[in-house]
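K.L.:
Okay, here's the prediction I keep looking at, along with the sequence it came from:
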Amino acid sequence: MKIILDQDKCVASGQCVVAAADVFDQRDEDGIAVLLTAEPPAEQAADTRHAASVCPALAIHIQE
């Protein structure tokens, strides 16, 4: 699994951080999401998929 985060689309809702805090974080200055790991381990796959599904801006893409 590879994660692609489009920061230009991000609206800083923080839903990805709530869903998968080991994979996503937010910048302090504007709340835009940052990717902590582009290839999360298998045990974080479900949380990462959930984060992508709840992103209101559809800024998270998963490549299998």
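P.N.:
Nice, I can see it. Nothing here was measured: the structure is a model prediction, and the numbers come from that model.
K.L.:
For residue 3, the count of nearby residues, please.
P.N.:
23 (other Cβ atoms under 10 Å). Just so you know, the C-beta spots here come from the backbone N, C-alpha and C atoms, and that holds for glycine as well.
K.L.:
Tell me the secondary structure of it, please.
P.N.:
Of the three states, residue 3 takes strand under DSSP: H, G, I helix; E, B strand; the rest coil.
K.L.:
any idea how far the closest residue to it other than its chain neighbours is from residue 29?
P.N.:
Nearest residue to residue 3 in three dimensions, chain neighbours excluded: residue 38, at 5.4 Å (Cβ to Cβ, 6 or more residues apart in numbering). In this structure, residue 38 and residue 29 are 22 Å apart, going by Cβ to Cβ, to the nearest Å.
K.L.:
which one of those two has more residues nearby?
P.N.:
The neighbour count for residue 38 versus residue 29, taken as other Cβ under 10 Å, is higher for residue 38 (12 against 6).
K.L.:
So which residue of the protein lies furthest out from the middle?
P.N.:
Largest separation from the mean C-alpha position in the chain: residue 29, at 17.6 Å (Cα atoms, centre = their mean).
K.L.:
Contacts only, for that one.
P.N.:
Counting by Cβ atoms under 8 Å, 6 or more residues apart in numbering, residue 29 touches no other residue.
K.L.:
State the three-state secondary structure for it.
P.N.:
State at residue 29, reduced to three classes by three-state DSSP: coil.
K.L.:
For stretch 22-39, the averaged confidence score.
P.N.:
Across stretch 22-39, the average pLDDT comes to 97.
K.L.:
Quick one: end-to-end length of it, please.
P.N.:
End-to-end distance of stretch 22-39 (Cα to Cα, to the nearest Å): 11 Å.
K.L.:
and that stretch, which residues are buried?
P.N.:
Buried residues in stretch 22-39, counted by 16 or more other Cβ atoms under 10 Å: 23-24, 26, 33.
K.L.:
Please name the residues that touch residue 36.
P.N.:
By Cβ under 8 Å, 6+ apart, the contact set of residue 36 is 22-25.
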